[in-house]
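Participant: Let's see this in three dimensions:
(one chain, ligands or ions: 1)
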Amino acid sequence: MSDIYEPPEGLKASAHIHAMQDYRNRYAESIGDPAKFWGEIAKGFHWQTTPTADKFLTYNFDIRKGPIAIKWMEDGVTNICYNCLDRHLPQKGSQIAFYWEGNDLEDEKTITYSELHREVCKFANVLKRNGVKKGDCVAVYMPMIPELIISMLACSRIGAVHSIVFGGYSAESLAARIIDGGIRTLVTADGVWRGNKLIHSLEVVDQAMAIAKKAGHPIEKNVVVRHLIRLHHGNGSASEKEAYEKILASSWNNERDSWWEDEMKEASEQCDVEWMQAEDPSFILYTSGSTGKPKGVLHTVAGYMLFAATTFKFTFDFRPDDVYWCTADIGWITGHTYVTYGPLLNGATSVLFEGTPFYPSNDRFWQVIQKYKVSKFYTAPTAIRALMKFGEDFVDKYDLSSLKVLGTVGEPINPEAWLWYHKYVGNSKAAIVDTYWQTETGGHVLTPLPGCTPTKPGSACFPFFGVIPVILDEEGKELEGPAEGYIAFKKPWPGIMRTVFGDHKRFEQIYFSRFPGYYMTGDGAKRDADGYIWITGRIDDMLNCSGTYCFDFLQLTPQTKMPLMHPGHLMSTAQVESALVEHSNVVEAAVVSCPHPVKGECLYCYVTPMEGVHIDASMAKELRILVREKIAPFASPDYIQEAIHLPKTRSGKIMRRILRQIAANDPDLGDTSTMADSTIIPSLQEGRRKVV
Ligand code: WT7
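Facilitator: Residues are numbered from 1 along each chain as shown. This is a model prediction of the structure:
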């Protein structure tokens with residue numbers, strides 16, 4: 001059994017929710033009478049028309065009974081930008097909304113609530129002047145700079161739907177999103193330095209616009225932030241500057257392109273908000289999932305607003321004197337909900353970080369935490385694992401005593417990384433919140449609460465208010481008690497997506513057809529004897545341990561028999577990864593299922609060793625023993641391949657689909673456009689021949 005970590009005493013005393021009984025009572029209220037529970041919370045927001053109790057929630061989650069439909073507070077009228085900014089101005093006008101920390105150490109600035117409000121009003125007027133109206137979709141392709149947040153909120157203010165495209169995406173990916181969203185207006189930047197690397201966004205955007213135009217979707221207006229030139233006078237070499245001028249000259253089109261600063265010069269600081277129906281669309285954000293073309297996940301105004309604000313408040317136990325920092329890019333949902341909307345809706349002060357954890361050196365995160373005395377910090381397991389490699393000395397040099405809550409999101413966190421985060425970053429005094437959610441869920445659906453939940457490393461613990469998780473077997477039967485299967489949700493919470501943009505059938509098919517009556521997440525999970533939920537990974541990353549595995553199962557000793565490993569049940573490759581990375585010479589591991597002539601499926605492991613180490617027969621043996629001991633003999637890796645680099649998405653997720661295809665010797669790797677560095681593919685394919 002894993003250890004339990006009690007909430008830190010300091011936090012417990014003053015937390016919003018400071019006892020498990022309090023959590024249980026409020027949770028019971030939230031699912032017993034959602035209209036009452038969320039209705040109370042809604043009172044904390046500004047409404048032009050208050051939603052009535054009658055129409056608070058109407059929905060159909062059962063495809064057999066008709067189309068899937070979810071409506072929260074349908075007759076309410078509000079505006080999310082007004083609730084993020086205007087509402088706070090009387091008390092918080094001069095409070096800092098964001099400390100902007102640029103890529104380079106010398107690039108920093110602050111922006112207060114009233115300054116942010118002024119810039120948002122001005123840019124909203126710029127959009128209107130350029131013909132953007134309520135309901136129009138605007139795409140934003142930018143680095144992590146204040147103008148990105150200003151653009152989002154300006155859209156929300158006038159009722160335009162924003163589609164933020166991560167600033168690291170390729171021209172093809174941007175074009176696909178322009179086409180799918182029917183975009184006519186773009187907001188972009190001229191370029192950005194990521195660490196030492198100069199990215200000419202101008203060129204990418206120009207290519208994307210050319211692709212979209214060819215497909216019959218010309219961009220009419222592209223407003224460009226002069227970011228490179230404004231900030232990095234001294235940075236670039238003469239040849240880089242020359243390249244910039246060249247790209248600018250060849251791509252610039254006076255009819256279509258204009259500089260942000262020129263547009264803003266004449267814009268008025270007064271801009272009335274557009275009052276929105278609760279269920280009007282607020283934004284689209286594309287998520288690729290593991291297969292198929294990206295889906296435009298659509299969120300609406302009021303439900304998302306309530307859920308973003310409430311999850312932020314409770315999961316991070318928000319206090320007015322906090323300095324909060326979420327390292328995610330706004331191009332992902334984590335950035336939407338927990339860089340922009342959640343913090344602003346609560347009137348928080350946050351850090352907005354443009355750089356990378358590794359520039360100018362590998363201690364940048366710790367240095368920024370010390371600099372701003374960050375109290376609540378939110379990052380991804382992949383970042384934690386990457387930083388662990390450099391050892392504790394990099395952390396110890398800094399005063400991180402301001403930290404109270406440490407969050408993680410994005411994938412299951414292996415206990416080793418959890419413990420490192422807890423011990424070295426949190427000095428064993430901060431609460432760890434492992435938050436499980438998806439682009440589709442809008443905000444946290446499973447998470448510990450820092451002041452009350454005793455945590456287990458690697459478990460996302462319990463549901464957030466209003467969320468009803470179930471574990472289903474292959475037939476869609478709800479499993480009680482300790483069990484492993486598919487995690488699904490039984491009823492809607494306010495932040496759940498409403499549709500796939502332009503394709504409601506696809507929405508119904510992906511999320512509601514396999515298990516009628518439930519929202520299917522696509523993830524596997526297990527519930528332990530204490531009711532804790534452990535996400536085991538995407539369903540595609542599970543394999544069925546039946547067949548010969550049954551036979552192996554019978555050979556288990558009592559010590560290695562794990563309750564979830566029944567023959568014929570799903571097993572997740574994440575457990576095997578977690579065991580492999582416990583080896584002191586292993587940095588990272590990715591395990592996939594691979595077709596096997598006898599067993600049907602077998603375990604194929606890609607392992608990144610520490611620098612200077614190679615996986616020879618004796619190390620492979622050690623790894624197999626480790627897995628047998630930690631999990632069970634039947635989980636012993638069939639193949640181990642040394643992999644210096646693993647294929648990752650730009651958000652840092654390991655692309656197991658690619659690894660599955662390489663393991664199966666499939667020559668066609670399909671769409672690799674979301675991959676951060678596709679040049680590593682040949683060496684992975686080559687490495688297949690040297691498996692041990
Ligand atoms: C998928 C959603 C939600 C923001 C970031 C990713 C995985 C996310 C956890 C966690 C285990 C997690 C799931 C999920 N995931 N958080 N705490 N523990 N798995 O958003 O790109 O929509 O990905 O990320 O597999 O389905 P996304």
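Participant: so the residue of the stretch 151-300 of the chain found nearest the ligand bridges to which residues?
Facilitator: Residue nearest to the ligand within the stretch 151-300 of the chain: T287 (4.8 Å; CB to the nearest ligand atom). Every residue, glycine included, has its C-beta placed from N, CA and C. As for beta bridges, T287 partners with K295 under DSSP bridges.
Participant: Likewise for T499?
Facilitator: For T499, the beta-bridge partners are L298 (DSSP bridges).
Participant: Can you give me the neighbour number for E255?
Facilitator: Close neighbours of E255, defined as other CB atoms under 10 Å, add up to 7.
Participant: residues contacting it?
Facilitator: Not one residue lies near E255 by CB atoms under 8 Å, 6 or more residues apart in numbering.
Participant: Reduced to three states, what does S156 come out as?
Facilitator: Of the three states, S156 takes helix according to DSSP: H, G, I helix; E, B strand; the rest coil.
Participant: Once you drop chain neighbours, what's closest to it?
Facilitator: Nearest non-adjacent residue to S156, counting by CB to CB, 6 or more residues apart in numbering: C81, 4.0 Å away.
Participant: can you check R157 too?
Facilitator: C81 (4.0 Å).
Participant: Quick check: which ranges of the stretch 101-250 of the chain have low pLDDT?
Facilitator: 229-236 (pLDDT under 70).
Participant: And Q685, how close does it get to A664?
Facilitator: Distance, Q685 to A664, by CB to CB, to the nearest Å: 12 Å.
Participant: Show me which residues of stretch 511-527 are buried.
Facilitator: Across stretch 511-527, burial judged by 16 or more other CB atoms under 10 Å covers 511-512, 514-515, 517-527.
Participant: Looking at the residues you listed, spot the one nearest the ligand.
Facilitator: Among the buried residues of stretch 511-527, and counting by CB to the nearest ligand atom, the member closest to the ligand is D523, at 4.6 Å.
Participant: In contact with the closest one, which residues are there?
Facilitator: Applying CB under 8 Å, 6+ apart, the residues near D523 are Y486, I487, I535, T536, G537, R538, I539.
Participant: Was I right to think the fifth one contacts G410?
Facilitator: No. In this structure, G537 sits apart from G410 without contact. The criterion is CB atoms under 8 Å, and the distance is 11.8 Å.
Participant: now the helix or strand hosting S239, how far from the centre of its chain.
Facilitator: Using DSSP states H and E, S239 sits within helix 238-251. With CA atoms, centre = their mean, to the nearest Å as the basis, helix 238-251 stands 34 Å off its chain's centre.
Participant: Now do the same contact list for the closest residue to the ligand within the stretch 301-450 of the chain.
Facilitator: Closest approach between the stretch 301-450 of the chain and the ligand, counting by CB to the nearest ligand atom: T439, at 3.4 Å. Shown in contact with T439 (CB under 8 Å, 6+ apart): L285, T287, V297, W332, I333, M497.
Participant: Could you dump those into TSV and include neighbour count and pLDDT?
Facilitator: As requested, the contacts of T439 are exported to TSV (neighbours: other CB atoms under 10 Å; pLDDT from 0 to 100):
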residue	neighbour count	pLDDT
L285	27	97
T287	15	87
V297	23	97
W332	23	93
I333	25	96
M497	28	98
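Participant: can you map out the strands along the stretch 151-300 of the chain?
Facilitator: Here the stretch 151-300 of the chain has its strands, by DSSP state E, counting those that start in this stretch, at 161-164, 185-189, 192-194, 197-199, 221-225, 257-259, 276-277, 281-287, 295-300.
Participant: Ok, the stretch 551-692 of the chain next?
Facilitator: Counting by DSSP E, counting those that start in this stretch, the strands of the stretch 551-692 of the chain are 569-572, 586-596, 600-609, 639-642.
Participant: helices or strands next to the helix holding S239 in the packing?
Facilitator: Judged by 3 or more CB pairs under 8 Å, 6 or more residues apart in numbering; DSSP states H and E, the packing partners of helix 238-251 are helix 201-214.
Participant: what helices or strands is the helix it packs on leaning on?
Facilitator: Where contact means 3+ CB pairs under 8 Å, 6+ apart, helix 201-214 is packed against strand 137-141, helix 171-181, strand 185-189, strand 221-225, helix 238-251.
Participant: what residues does the longest helix along the chain touch?
Facilitator: Ordering each helix of the chain by length in residues (DSSP state H) puts helix 113-129 first. For helix 113-129, contacts defined as CB under 8 Å, 6+ apart pick out 81, 85-86, 88-89, 92-98, 111, 138, 146, 149-151, 153-155, 157-158, 160, 185, 223, 263-264, 267-271, 347.
Participant: mind redoing it with 7 Å?
Facilitator: Helix 113-129 has contacts (CB atoms under 7 Å, 6 or more residues apart in numbering) with 81, 85-86, 88-89, 92-95, 97, 138, 150-151, 153-154, 157-158, 160, 185, 223, 263-264, 267-271.
Participant: of those residues, buried ones?
Facilitator: Buried by 16+ other CB under 10 Å: 81, 85-86, 88, 92, 97, 138, 150-151, 153-154, 157-158, 160, 185, 223, 263-264, 267, 271, out of the contacts of helix 113-129.
Participant: Take those and keep only those in helices.
Facilitator: Per DSSP H, the subset of the buried ones among the contacts of helix 113-129 in helices is C81, K92, I150, S151, L153, A154, R157, I158, E263, M264.
Participant: so can I have JSON lines of these showing distance to the ligand?
Facilitator: Shown next, in JSON lines, are these (distance: CB to the nearest ligand atom, whole Å):
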{"residue": "C81", "distance to the ligand": "23"}
{"residue": "K92", "distance to the ligand": "28"}
{"residue": "I150", "distance to the ligand": "23"}
{"residue": "S151", "distance to the ligand": "21"}
{"residue": "L153", "distance to the ligand": "21"}
{"residue": "A154", "distance to the ligand": "24"}
{"residue": "R157", "distance to the ligand": "25"}
{"residue": "I158", "distance to the ligand": "27"}
{"residue": "E263", "distance to the ligand": "33"}
{"residue": "M264", "distance to the ligand": "32"}
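Participant: Can you pick out the most distant pair from those residues?
Facilitator: By the measure CB to CB, those have their two most distant members at K92 and E263, which lie 27.7 Å apart.
Participant: Now for K490: which residues touch it?
Facilitator: Going by CB under 7 Å, 6+ apart, K490 touches I468, V470, Y518.
Participant: Among the residues you listed, name the ones in helices.
Facilitator: With DSSP H as the criterion, helices contain none of the contacts of K490.
Participant: show me which of those neighbour the ligand.
Facilitator: Filtering the contacts of K490 for proximity to the ligand by CB under 6 Å from any ligand atom leaves nothing.
Participant: Could you dump those residues into CSV with pLDDT added?
Facilitator: Output for the contacts of K490, formatted as CSV (pLDDT from 0 to 100):
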residue, pLDDT
I468, 98
V470, 98
Y518, 98
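Participant: near the ligand, which residues of the stretch 451-600 of the chain?
Facilitator: Taking CB under 6 Å from any ligand atom as the contact definition, the stretch 451-600 of the chain meets the ligand at A460, T521, G522, D523, I535, R538.
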